[in-house]
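J.: Take this sequence and fold it.
(chains A and B)
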Amino acid sequence: MLPVHWLQLGLYLVLLLLTIKPLGAYMARVYQGESTALDRIVGPLERWLYRLAGINPDKEMDWKTYASAVLLFNLAGFLLAYVFQRSQSLPLLNPQHLGSVRPDLAFNTAISFVTNTNWQSYAGETTMSYLTQMLVLTVQNFVSAATGMAVLMALIRGLARHTTKWLGNYWVDMVRGTLYILVPLALVVSLLLVSQGVVQTLGPATTVKLVQTMTNGSGEVINQQTLALGPAASQVAIKQLGTNGGGFFNANSAHPFENPTPLSNLIESLSILLIPAALCYTFGRMVGDTRQGWAILSAMLILFVTALSVTVWSELQPNAALVAEGVSQIASPVQPGGNMEGKEVRFGPVGSALWATATTAASNGSVNAMHDSFMPLAGLIAMWQMQLGEVVFGGAGSGLYGMLAFVFVAVFVAGLMVGRTPEYLGKKISAAQMKMATLVILIPSLTILIGTGLAVALPIGRAAVGNPGPHGFSEILYAFTSAANNNGSAFAGLSPNNVFYNTALGLTMLLGRYWCMIPTLALAGSFAHMKRIPTSSGTLPTHTPLFVGWLVAVVVILGALSFLPALALGPIVEHLMLLH
Amino acid sequence: MQDLIFLAIAGAFFALTLGIIELCERLTEVG
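T.: Below you'll find the predicted structure:
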């Protein structure tokens, strides 16, 4: 590794750590209804929205009402997204005159954005009108992230409160999360990105003359190129901050109009983990013990830095197949060295590995390099981070509530091992809580393995594979892993824009999102109902390095047990084939 | 026709998930 690589990784981690406390404390104030610096600007709009929708912000909900509100709001979002795509041929903010989106693709895309996944079976610039991009996709980027954060807040309140059934008001949490956190952050990031050259225009695509003419396969001389434009910066900012990941352009953040400079790359990659990391501090503040938040953050950081180290090391290795051809892949003044296939020269292997680790640690899914071209071990790490359940930071809100499910399992198992009643933050973890936590952990795993098995067994599933053999299996496994954990990134070799994959992956995204949210809210309800048990000498401390290590072990063991056989058929065997 | 099929699939999923709320309530024994 060159000194610049260390500097790049170090700067990223330092900046991330510096933002955690101030942003986390601010988010705690927002969700606890305390005054903030934005009250004078946003407050009137917030109150107007409540009046318009007939919402009493002081009326709290029990877990069932909260869950029903989440589902109904998301169903409405799905219907709106579907109808808009199907009718986008109307001449409204559609300068390229793009036609209506096919039903199966509209189904997949509507689910994808409502569930915070942003899996894209389409190329943005040739499929979606500006109106669809702005009014459907970008809006869902905000509200889907706010929904994940709202569900987390309900769980935190369940842990923080006692002998009550009230968990807050979903509408208030959703509105405040959007207006006080996501919109201001997205505004700042959008402006920073525009300053770097990310496009933001309602003007049509433009045609430019090529500096150097080309000849296509039919012998025709090509001397001009169409440059897709559009309102990209406003979508890119929230796609990063809200752990959404759906690119305005097909190449996502590898596109020079979506991520043009090293600074825009730093801003965008930092934005991926900003909210999920800071929410750990928010959690600590809201349960009245910040050490608990730091402990969970430490576990996430241990997993993240380990994954980052393996990915960077793997991508800095020369590709053995190219070495055999005598191709130099050593760092020199003319090349960054390592595996440069599928990467932007601007970002190189380390910038690409950092992004890939962050985007799969969080359930973001945006890319600045093609994951299909990563070395097998780096591809394995990307998949495995998602397969852990997107708990290494994870999605906005969903990452932390997923990690808390692992915390409950870790506390329960530790309690069994030492023969004490398992409790966490003064709440007893009994069979009922374990059932819910187990559902949160197992539903994505089951969905991935069943979906992958089905796709591999069916000819239509295998026909979409770009590379036969173990890499092709990885492409399918990656697709279902990404969908079930609401990540949205892809091994781009798969061609999934057909009825089978659009339907199967659509259902996978729905199951991975809502069938984890409901048990989470049930957990919140059951914890809120309990009395708080006073801390005693028999209480397992959950803020110590020992517990952090135990939590990491539980996450790793459960992840390994669930997916090692599947990974052995894909990236592991591919790695061994590359070596020999 | 295809529109109806896909809308029905989504509608059925959300209806089923509302049922999952009841199931989770029974499993956690919380009123």
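
J.: Quick one, grab the pLDDT at whatever residue of the stretch 401-550 of chain A ends up closest to chain B.
T.: In the stretch 401-550 of chain A, the residue that lies nearest chain B is residue A:522 (3.8 Å; Cβ to the nearest Cβ). Just so you know, the C-beta spots here come from the backbone N, C-alpha and C atoms, and that holds for glycine as well. What the model reports for residue A:522 is a pLDDT of 96.

J.: and it, that's in a helix?
T.: Yes. Assessed with DSSP: H, G, I helix; E, B strand; the rest coil, residue A:522 lies in a helix.

J.: Which residues are in contact with it?
T.: Contact partners of residue A:522, counting by Cβ atoms under 8 Å, 6 or more residues apart in numbering or on different chains, are A:63, A:67, A:436, B:21, B:24-25, B:27-28, B:30.

J.: How about it, nearest residue that isn't a chain neighbour?
T.: residue B:24 (3.8 Å; Cβ to Cβ, 6 or more residues apart in numbering or on different chains).

J.: And residue A:149, by the same measure?
T.: Leaving out its chain neighbours, the residue that sits closest to residue A:149 by Cβ to Cβ, 6+ apart is residue A:397, at 3.7 Å.

J.: mind listing the helices in chain B by residue range?
T.: For chain B, helices defined by DSSP state H occupy the ranges B:2-28.

J.: What parts of it come near chain A?
T.: B:2-3, B:5-7, B:9-11, B:13-14, B:17-18, B:20-21, B:24-25, B:27-31 (Cβ under 8 Å from any Cβ of the partner chain).

J.: okay, now residue A:311: neighbour count?
T.: Residue A:311: 28 surrounding residues under other Cβ atoms under 10 Å in any protein chain shown.

J.: To clarify, my last question referred to residue A:418.
T.: Residue A:418 has 9 nearby residues by other Cβ under 10 Å.

J.: In contact with the residue nearest to it when sequence neighbours are not counted: list those residues for me.
T.: Distances taken as Cβ to Cβ, 6+ apart place residue A:540 nearest to residue A:418, at 7.5 Å, with adjacent residues excluded. Applying Cβ under 8 Å, 6+ apart, we find residue A:540 in contact with A:411, A:414-415, A:418, A:420, A:422-423, A:547.

J.: could I get those as CSV with pLDDT and secondary structure?
T.: Shown next, in CSV, are the contacts of residue A:540 (pLDDT from 0 to 100; DSSP: H, G, I helix; E, B strand; the rest coil):
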residue, pLDDT, secondary structure
A:411, 96, helix
A:414, 93, helix
A:415, 90, helix
A:418, 85, helix
A:420, 82, coil
A:422, 92, coil
A:423, 93, strand
A:547, 96, helix
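
J.: Out of these, who's the most crowded?
T.: Highest neighbour count within those, by other Cβ under 10 Å: residue A:411, with 25 neighbours.

J.: So which elements touch the host helix or strand of residue A:208?
T.: Assigned by DSSP states H and E, residue A:208 falls within strand A:206-215. If you count contacts as 3 or more Cβ pairs under 8 Å, 6 or more residues apart in numbering or on different chains; DSSP states H and E, strand A:206-215 packs onto strand A:221-227.

J.: Contacts for the strand it packs on, please.
T.: Looking at what lies outside strand A:221-227 - Cβ under 8 Å, 6+ apart - the contacts are A:205-210, A:213-216, A:257.

J.: now swap in stretch A:53-71 and tell me
T.: A:49-50, A:147, A:150-151, A:154, A:158, A:165-172, A:514, A:517-518, A:521-522, A:524-525, A:528, B:14, B:17-18, B:21, B:25, B:30.
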